[in-house]
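K.L.:
give me a 3D structure for the following:
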Amino acid sequence: MKSLLAPFIAIAILGFPVAQAETEGFTGSCETRICSWRRPVVEPPPGWFRDEGASRHYKLNAFAPNGSSFADAPAVMYALAVEKSSLPEKSLAAFLGRGHPSASGNGGTEVTPKPPLKTGDGKSFTALRYAPRPGSKEQHETVAYGEEGDYFLVFVVSARTAKYLDAAYPSFVDLLRGYTEVSKQR
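P.N.:
Now for the predicted structure:
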């Protein structure tokens, strides 16, 4: 009986858990200064690996198919955490209103809403597919946007062609399902 009560006693003493985005932090050199960044904690889906060199270079969680690299793969995935306090936008709707970098200014990127994607703990992330205009050198991408605690979370699958994007999409869904938020004590 004592062992069954221990978790409840710990919660009563330490406080109730508060949900937070599951991120890990890093500090490194950013040209002429020291900077820090966070990335969502998520493991690569089957058939993919974390490219730690690309992750640190781009300051995110970078994934490539086994047997390739983030630089040369026909499709890659990445995840990043954007601290809300660093932006003027404080809501997910406002953050989405900023638009995708390739969708602004070139007049040809087609943006298509996709069904929401679920994380491992059942949270819905807004998903948008970005298709560049024919002849463009922009990547084909599906981006899932979410919000947890003090962060906007952005998960991306990016590919050279629509065919590669479609082939990588099931792994992208698995990547997002692998993400869960963590509870931290007050």
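K.L.:
low pLDDT regions in this structure?
P.N.:
Along the chain, the parts satisfying pLDDT under 70 run over 1-21, 23-30, 37, 99-108, 182-186.
K.L.:
helices of that one, residue ranges please.
P.N.:
2-14, 52-58, 92-97, 162-177 (DSSP state H).
K.L.:
show me the strands in the protein, by range?
P.N.:
17-20, 23-30, 33-40, 48-50, 61-65, 75-83, 110-118, 124-131, 140-148, 151-159, 182-185 (DSSP state E).
K.L.:
go ahead and confirm Leu60 touches Ala79.
P.N.:
Yes. With contact defined as Cβ atoms under 8 Å, Leu60 counts as touching Ala79 (6.4 Å). (Each C-beta comes from the backbone N, C-alpha and C, glycine too.)
K.L.:
shared neighbours, the two?
P.N.:
Counting by Cβ atoms under 8 Å, 6 or more residues apart in numbering, the shared contacts of Leu60 and Ala79 are Arg39.
K.L.:
of those two, who's got more company?
P.N.:
Higher neighbour count among Leu60 and Ala79: Ala79, with 23 against 20, using other Cβ atoms under 10 Å.
K.L.:
so who does the more buried one touch?
P.N.:
Per Cβ under 8 Å, 6+ apart, neighbours of Ala79: 39-40, 42, 60-61, 153-156, 175, 179.
K.L.:
quick check: the gap between it and Thr161.
P.N.:
22 Å (Cβ to Cβ, to the nearest Å).
K.L.:
again, but for Pro65
P.N.:
15 Å.
K.L.:
more neighbours: which of the two?
P.N.:
Remark: of Pro65 and Thr161, Pro65 carries more neighbours, 20 against 12, as counted by other Cβ under 10 Å.
K.L.:
pretty sure that one sits against Met77.
P.N.:
No. The pair Pro65 / Met77 is not scored as a contact, 9.3 Å apart, by Cβ under 8 Å.
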